[in-house]
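Colleague: A structural model of the following input is requested.
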Amino acid sequence: MNKLTPKAVIFDLGSTLIDYPSNTWEEINVDCVESVRSYLRRRRYDVPDGDEFYSAYEKIRQDYRAVAADTLVEWSVLQVVAKLMERLNLEYDDEIVDSLFDAYYEPIRQYIFAYEDAVDVLSRINERYDAVGLISNTVFPERAHIDELKRFGLEHLLTFKIFSSTFGLRKPHPDIFYKAANLAGFSPSECVYIGDRYIEDITGPNGVGMPAILRFQEGRDYPDDPFGEIRQVMSLSDLERHFDF
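Modeller: As a prediction, the model looks like this:
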């Protein structure tokens, strides 16, 4: 397979540059929702017991997820928390919702780490290419991820960042890739995208003519590739096999 000659390089975030190990998202979600309930109790809100509170949250979350799966319109934890407060007849405003998100996200912070080669690879790519961007599907507000990127020394290495919770649409919607190419200042075919999911990160960019590289993750469900047509790497350092930096 010939090396690519991109003018811009665009990354996914989770499981590509940083990761959330140890627990599954569903297990972590239980802790996150309980953290919200505990915060409300400390603020003297009259809230249901743990199981009832979690069930109410989960019903709303699943409704939003179903719509997103059908439409690729992104939802957010902020929306779910606000709807939960409404359903429980609890008074709230934007400031309280933001505080509740902080409580929700606190259990997640302990699991986050950057891949050990992320800073080195991103630094080298940043030196070589004028545009190095990010597209991330996320139901968390952008500020949470900006904090993470700063914490791991990655934020200043990215020319632009697109988060689906801000953009309003999620991968593999073509508009999010067109937007990234526009911010990079090049056509989609002049960019290369790197991510860990097949539908979102390979077929999505390929659909707008953007070459893509799969950041392989053990245990992930990928299609068979008998002819070796999917470019893939086992680590970020392996990217040099596909383009020069």
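
Colleague: I'd guessed residue 34 sits against residue 51; true?
Modeller: No: in this structure, residue 34 is not within contact of residue 51 by Cβ atoms under 8 Å, at 10.3 Å. Placement of C-beta: from N, CA and C, glycine included.

Colleague: give me the number of residues near residue 46?
Modeller: Residues near residue 46, counting by other Cβ atoms under 10 Å, number 9.

Colleague: how about residue 241?
Modeller: 12.

Colleague: now the one 3 residues further on
Modeller: Neighbourhood size, residue 244 [other Cβ under 10 Å]: 11.

Colleague: tell me the mean pLDDT for stretch 163-173?
Modeller: The predicted model assigns stretch 163-173 a mean pLDDT of 98.

Colleague: where do the helices sit along the chain?
Modeller: Counting by DSSP state H, the chain has helices at residues 25-42, 50-71, 77-87, 94-109, 118-128, 142-151, 164-167, 174-184, 198, 204-206.

Colleague: care to break the chain down by domain?
Modeller: Domain ranges of the chain: 8-20+113-241, 25-109, per automatic domain parsing.

Colleague: deepest of the ones you listed, which one?
Modeller: domain 8-20+113-241 (a mean of 18; mean count of other Cβ atoms under 10 Å).

Colleague: can you pull the contacts of residue 77?
Modeller: By Cβ atoms under 8 Å, 6 or more residues apart in numbering, residue 77 lies in contact with 101, 104-105, 139-141.

Colleague: if you set the cut-off to 6 Å instead, what comes out?
Modeller: By Cβ atoms under 6 Å, 6 or more residues apart in numbering, the residues touching residue 77 are 101, 104, 139.

Colleague: any idea how far it lies from residue 102?
Modeller: 11 Å (Cβ to Cβ, to the nearest Å).

Colleague: repeat for residue 29
Modeller: 16 Å.

Colleague: can you check residue 223 too?
Modeller: On the measure of Cβ to Cβ, residue 223 and residue 102 end up 39 Å apart.

Colleague: with residue 185 instead?
Modeller: Distance of residue 185 to residue 102, computed by Cβ to Cβ: 35 Å.

Colleague: again with residue 184
Modeller: Per Cβ to Cβ, residue 184 is found 32 Å from residue 102.

Colleague: neighbouring contacts of stretch 106-113?
Modeller: So stretch 106-113 is contacted by 18, 20, 22, 31-32, 35, 148 (Cβ under 6 Å, 6+ apart).

Colleague: in JSON lines: the residues you listed, plus distance to residue 165.
Modeller: Output for the contacts of stretch 106-113, formatted as JSON lines (distance: Cβ to Cβ, whole Å):
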{"residue": "18", "distance to residue 165": "16"}
{"residue": "20", "distance to residue 165": "16"}
{"residue": "22", "distance to residue 165": "24"}
{"residue": "31", "distance to residue 165": "21"}
{"residue": "32", "distance to residue 165": "16"}
{"residue": "35", "distance to residue 165": "19"}
{"residue": "148", "distance to residue 165": "14"}
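
Colleague: how about those, which pair is most distant?
Modeller: 18 and 35 (20.8 Å; Cβ to Cβ).

Colleague: quick one: contacts for the residue nearest to residue 168 when sequence neighbours are not counted?
Modeller: Using Cβ to Cβ, 6 or more residues apart in numbering and skipping the chain neighbours, the partner closest in space to residue 168 is residue 74 (5.9 Å). Residue 74 is in contact with 164-165, 168, 170, counting by Cβ under 6 Å, 6+ apart.

Colleague: excluding chain neighbours, what is closest to residue 91?
Modeller: residue 85 (7.7 Å).

Colleague: my guess is that neighbour contacts residue 94. True?
Modeller: No: at 11.4 Å, residue 85 does not count as touching residue 94 under the criterion of Cβ atoms under 6 Å.

Colleague: now stretch 41-49, how far from the chain's geometric center?
Modeller: Put simply, stretch 41-49 sits 31 Å off its chain's centre (Cα atoms, centre = their mean, to the nearest Å).
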